[in-house]
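> Need the 3D shape of this:
(2 chains)
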Amino acid sequence: NAGVTQTPKFRILKIGQSMTLQCAQDMNHNYMYWYRQDPGMGLKLIYYSVGAGITDKGEVPNGYNVSRSTTEDFPLRLELAAPSQTSVYFCASRTGTPGGELFFGEGSRLTVL
Amino acid sequence: AQSVAQPEDQVNVAEGNPLTVKCTYSVSGNPYLFWYVQYPNRGLQFLLKYITGDNLVKGSYGFEAEFNKSQTSFHLKKPSALVSDSALYFCAVSATDSWGKLQFGAGTQVVVTP
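Numbers count the residues shown, from 1 in each chain, chains lettered A, B, ... in the order given. Here you go, the predicted structure:
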């Protein structure tokens, strides 16, 4: 049981490049989330999904896109990377039970130069 | 809107002494409250949560937290700290009707010295 798996773990991008951060979970969780973590700022929600085919914006969605074609996968797309997107990105999932806790992946560290 | 405040950037404690990490929150309606811990270069791990019921919640690794509705606080406590408790601790809150979207505090670095 792998839990939440994120790839890649590290990536360096040039300004203007695009990439996709992959996230997969094997716990059959309907709810999935993407957060970014910046030093001293806690975690900020980028996008979330409550099931396959259903996504919605979080607090900081600009510059990102998501899709949810299956229950297991929730990729995060960065278009036209900017230095402000340098961050550590975390994917998380949970069951639909009210008050259920989040299960986090190990993170993807992205640097935009 | 919901928000979380962790007033201390860092808490220093000697091993064996009690550990307290403070958290206050703001949310419309009844809150779901959580504590997570993060070790260097790792994802966040769930410690404990308050959903309803008993105000004193016990969690993993000997941690506990007390929900205080009048003070809108959810402080994390451990009676006797270990060096291995040194980590970054996050408090988080969600409203009961918010699709589980958590608002995180900025985090508190705990340093336990031998």
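
> Quick check on residue B:61: phi, psi?
Dihedral pair for residue B:61: phi 60, psi 30, per degrees, to the nearest 10.

> contacting residues around it?
B:47, B:78, B:85 (Cβ atoms under 8 Å, 6 or more residues apart in numbering or on different chains). For glycine as for every other residue, the C-beta is placed from the backbone atoms N, C-alpha and C.

> In space, what's closest to the last one - neighbours in sequence excluded?
Looking back up the chat, that one is residue B:85. Nearest non-adjacent residue to residue B:85, counting by Cβ to Cβ, 6 or more residues apart in numbering or on different chains: residue B:112, 5.2 Å away.

> re the thing from before, closest one to chain A out of the contacts of residue B:61, please.
Top of the list for closeness to chain A, among the contacts of residue B:61 and by Cβ to the nearest Cβ, is residue B:47 at 9.2 Å.

> can I assume that closest one sits in a helix?
No. Counting by DSSP: H, G, I helix; E, B strand; the rest coil, residue B:47 is not part of a helix but strand.

> List the residues that contact it.
Residue B:47 neighbours (Cβ under 8 Å, 6+ apart): B:34-37, B:59-61, B:63, B:76, B:89.

> 7 Å instead, please
B:35-37, B:59-60, B:63 (Cβ atoms under 7 Å, 6 or more residues apart in numbering or on different chains).

> Secondary structure, distance to residue B:25 and pLDDT added to those, as JSON lines?
Shown next, in JSON lines, are the contacts of residue B:47 (DSSP: H, G, I helix; E, B strand; the rest coil; distance: Cβ to Cβ, whole Å; pLDDT from 0 to 100):
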{"residue": "B:35", "secondary structure": "strand", "distance to residue B:25": "12", "pLDDT": "98"}
{"residue": "B:36", "secondary structure": "strand", "distance to residue B:25": "14", "pLDDT": "98"}
{"residue": "B:37", "secondary structure": "strand", "distance to residue B:25": "18", "pLDDT": "97"}
{"residue": "B:59", "secondary structure": "coil", "distance to residue B:25": "17", "pLDDT": "95"}
{"residue": "B:60", "secondary structure": "helix", "distance to residue B:25": "21", "pLDDT": "91"}
{"residue": "B:63", "secondary structure": "coil", "distance to residue B:25": "18", "pLDDT": "97"}
